[in-house]
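In: From the sequence below, what's the structure:
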Amino acid sequence: MASSILFGIIWIPRKMIGRLRGEPHLSVRVIPLLAVLTLIAIFLRARGEPAFVLGRPDAVTITILVPSIIFPILSITALVIALQAWRFEMNRGVRIHSPLVALACCLVAGFLAYWGLIGVRVWAL
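Out: Okay, the predicted model is just below:
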């Protein structure tokens, strides 16, 4: 999953300077990256907050709740798009990398769902 961030560091500037112009399957690259960034956002937001802040619904806890719902949605979407795009012609690295990242995201989402951490309302714990 971390490799998608490294690839994003390469793809985003390439897209901005026009090297990926006309790339028909850009979502195959972007959706797994967004899923990973959403997961990172959850951990960064929850890190270091005192318990009394997490015990009430406010901006801090809502910014933990919303990405925890968005992450599994993006993960499943990424896997579906990556599997559908398998039949299209694209870069071989993207063809292999994107489904693997999407599958890893789905596995993490499954793990989080098993432990009841999808849509977690930390103020209700």
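In: tell me the secondary structure for Gly18?
Out: Per DSSP: H, G, I helix; E, B strand; the rest coil, the secondary structure class of Gly18 is coil.
In: whoops, Arg95 was the one
Out: Recorded secondary structure, Arg95: helix (three-state DSSP).
In: what's the spacing between it and Leu107?
Out: In this structure, Arg95 and Leu107 are 20 Å apart, going by C-beta to C-beta, to the nearest Å. All C-beta atoms are positioned from the backbone trio N, CA, C, and that covers glycine.
In: and what of Pro13?
Out: To Leu107, Pro13 is 30 Å away according to C-beta to C-beta.
In: What are the buried residues along stretch 53-69?
Out: For stretch 53-69, a neighbour-count test (16 or more other C-beta atoms under 10 Å) marks 60-61, 64-65, 67-68 as buried.
In: Could you export those residues to a markdown table, including columns for pLDDT, distance to Thr38 and secondary structure?
Out: Output for those, formatted as a markdown table (pLDDT from 0 to 100; distance: C-beta to C-beta, whole Å; DSSP: H, G, I helix; E, B strand; the rest coil):
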| residue | pLDDT | distance to Thr38 | secondary structure |
| --- | --- | --- | --- |
| Val60 | 83 | 17 | helix |
| Thr61 | 86 | 16 | helix |
| Ile64 | 86 | 11 | helix |
| Leu65 | 91 | 12 | helix |
| Pro67 | 93 | 5 | helix |
| Ser68 | 93 | 9 | helix |
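In: Please consider this matter closed, and thank you.
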